[in-house]
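[1] Give me coordinates for this.
(chains A, B, C and D)
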Protein chains: 2
Amino acid sequence: MSAVEVLASVDIVALRLAPDLQGLQVLLHRREREPHRGQWALPGVIVNGSTPDNSLDAAAERALREKAQALPRHMEQVGTEGNAFRDPRGWSLSTYYLALLDPAQSIEAEQLAFFDLDSLSTRKVLLPFDHGLLVQRTCERLAAKSLYSSLPLYLLPTRFTVLDALSAAQACLGRPVNNTSLRKRLERLREAGWVRDTGERNQPRLGRPQQLYEHLPQGVGPFLFERSLLPEA
Amino acid sequence: MSAVEVLASVDIVALRLAPDLQGLQVLLHRREREPHRGQWALPGVIVNGSTPDNSLDAAAERALREKAQALPRHMEQVGTEGNAFRDPRGWSLSTYYLALLDPAQSIEAEQLAFFDLDSLSTRKVLLPFDHGLLVQRTCERLAAKSLYSSLPLYLLPTRFTVLDALSAAQACLGRPVNNTSLRKRLERLREAGWVRDTGERNQPRLGRPQQLYEHLPQGVGPFLFERSLLPEA
DNA sequence: AAAATAGTGTCTATTAGACAATATGTC
DNA sequence: GACATATTGTCTAATAGACACTATTTT
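    Numbers count the residues shown, from 1 in each chain, chains lettered A, B, ... in the order given. Below you'll find the model as predicted:
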């Protein structure tokens, strides 16, 4: 790479709810090339004059589509990290995206797997480059937005229960969420046409059946509430 | 430029309060090179393997320092726009930053000037590349954050009056802000140690003198409030 | 005294949070 | 009926917004 070049890539932090609904998992891909060949890293693509994509967003969609064979329920750019040290090949840039997947999202490929976010934050799994930082920043963005928006719902299938929504919010925020507050938010969403009560029920093993709601996003971004779910308190 | 290259730059959307406190102005630079030579555009620098900067943030600071000869009161990355069309030279990326300047910020250079944001949004002034879009996105970010944070205070000198704070908030949001609400926020900031009553006064031409407050940022980002200003009204 | 501007106090509306009360299912 | 879980209702706390009222200065 000559001095006037720069290595630009798009990396995807694709998250899904763990099967037990107790936390989040990130999609990783085993690298096929150097550097860091064989290690688990964020899926991504290089962008330059010969990419088939017309835009960064398109490159991000392709990166995820080629790996996960599925569309995310939500995708947004989080930021760009660029410096002289993050890649041994030289000055490089990574524009990274948050993608929220349906929990039913399964992965066929050998070289793809979901890892618990816990195992990354506790340093049990270490990612190459600065991918650990990108994941951390992305989770911070998710948590910050979850305080005052409906973003956690994009981690659920379109049909969900109140308990699902509570689990999703708690996974995003990393702490317990008040049941009453969450129900009131769902009621607000219902009034705004963002959520519909299907009238159907889901029977848990024991106890009263749960109402099944349907998520009907009305815009490009999530619904914004006027108050934060109080972080400290 | 070969097909495997990409043109990466950092562009700065540096804003200050207009002298009459009634709106915002953006710092523009008259381009010395092609393409779009001679046109007013966002100040920026190219980043690649031969840049003297070790990081994007450092490049952003340098871009502003070399033009404005001053440090901003606040700077944050807003996003990255990248596609095959925005620059006639080929696939290009621009990571753009929001910078908030002291209103006393003056400019010596011939090739630098502040332009009213109004003249851009009304299409009286047209910027080259997609710089108009970058400015718009940046202003949207500023407005969104101003709803629930102390960000507008970074458009003021450290010593300011309630009226200054109100003007700054209104300029960021593009609409009137409730006087009582703003005063209560300042009171909250005072309790949190983010603002101090200096005890000094400022005597306007007529009427009761104004208390002079001092802005004492306590962290890297702005103070976050728990509710939004002006939900929709 | 009048005018102008700054600052305070009071009341309402909205919404998060705590928690009690009630509903509806399984065993 | 006992138990488990879901849902509803009631009360409190925090904070934005409307607006009346008071304070301090110049002319």
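[2] Wondering if stretch A:181-197 reaches chain B at all.
    No. Under the criterion of CB under 8 Å from any CB of the partner chain, stretch A:181-197 makes no contact with chain B; the nearest approach is 11.4 Å. C-beta here means a position set from N, CA and C on the backbone, and glycine is covered the same way.
[3] any idea of the mean pLDDT for that stretch?
    Stretch A:181-197 carries an average pLDDT of 97.
[4] quick one: buried residues of it?
    Burial within stretch A:181-197, assessed by neighbour count using 16 or more other CB atoms under 10 Å in any protein chain shown, is assigned to A:182, A:185, A:186, A:189, A:194, A:195.
[5] Please apply the same query to stretch A:112-120.
    When neighbours are counted by 16+ other CB under 10 Å, the buried residues of stretch A:112-120 are found to be A:112, A:114, A:115, A:116, A:117, A:120.
[6] would you turn the residues you listed into a markdown table with distance to residue B:41 and pLDDT?
    Compiled in a markdown table, the buried residues of stretch A:112-120 are given as follows (distance: CB to CB, whole Å; pLDDT from 0 to 100):
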| residue | distance to residue B:41 | pLDDT |
| --- | --- | --- |
| A:112 | 43 | 93 |
| A:114 | 44 | 95 |
| A:115 | 43 | 97 |
| A:116 | 46 | 97 |
| A:117 | 41 | 97 |
| A:120 | 41 | 96 |
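[7] For DNA strand C, tell me which of those residues show up nearby.
    Applying CB under 7 Å from any atom of the strand to those, one finds that nothing falls near DNA strand C.
[8] Take the residues you listed and keep only those in strands.
    Restricting the buried residues of stretch A:112-120 to those inside strands, with DSSP state E as the criterion, leaves A:112, A:114, A:115, A:116.
[9] same for DNA strand C: which of the buried residues of stretch A:181-197 are within range?
    Counting by CB under 7 Å from any atom of the strand, the members of the buried residues of stretch A:181-197 near DNA strand C are residue A:185.
[10] ok, of the buried residues of stretch A:181-197, which one's closest to residue A:61?
    Closest approach to residue A:61 among the buried residues of stretch A:181-197 (CB to CB): residue A:194, at 23.8 Å.
[11] Please report the distance of the closest residue to the closest one other than its chain neighbours from DNA strand D.
    Residue nearest to residue A:194 in three dimensions, not counting chain neighbours: residue A:223, with 5.1 Å by CB to CB, 6 or more residues apart in numbering or on different chains. Residue A:223 is 18 Å from DNA strand D, where distance means CB to the nearest atom of the strand, to the nearest Å.
[12] who does the lowest-mean-pLDDT helix or strand in chain A touch, helix- and strand-wise?
    Every helix and strand of chain A was ranked by mean pLDDT, DSSP states H and E. The lowest is helix A:56-68, at a mean of 93. Using 3 or more CB pairs under 8 Å, 6 or more residues apart in numbering or on different chains; DSSP states H and E as the contact criterion, the elements in contact with helix A:56-68 are strand A:7-17, strand A:24-30, strand A:44-47, strand A:74-83, strand A:92-100, strand B:74-83.
[13] mind putting these in TSV, distance to residue B:93 included?
    Output for those, formatted as TSV (distance: least, CB to CB, whole Å):
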stretch	distance to residue B:93
strand A:7-17	6
strand A:24-30	23
strand A:44-47	7
strand A:74-83	8
strand A:92-100	7
strand B:74-83	4
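[14] bridging residues for residue A:93?
    Partner residues in beta bridges with residue A:93, using DSSP bridges, are residue A:8, residue A:82.
[15] any idea how far it is from residue A:72?
    22 Å (CB to CB, to the nearest Å).
[16] Please apply the same query to residue A:112.
    Residue A:112 sits 15 Å away from residue A:72, going by CB to CB.
[17] Would you map out the domains in chain A?
    For chain A, automatic domain parsing gives the domain ranges A:7-144, A:148-215.
[18] out of those, which comes closest to residue B:126?
    Judged by CB to CB, the one of those that comes nearest to residue B:126 is domain A:7-144, at 21.7 Å.
[19] what's the distance between residue A:228 and residue B:136?
    Going from residue A:228 to residue B:136 by CB to CB gives 26 Å.
[20] Now do the same for the residue in chain A that DNA strand D sits nearest to: helix, strand or coil?
    Going by CB to the nearest atom of the strand, DNA strand D is nearest to residue A:207 of chain A, at 2.5 Å. The three-state assignment at residue A:207 reads coil, by DSSP: H, G, I helix; E, B strand; the rest coil.
[21] what's the burial count for it?
    7 (other CB atoms under 10 Å in any protein chain shown).
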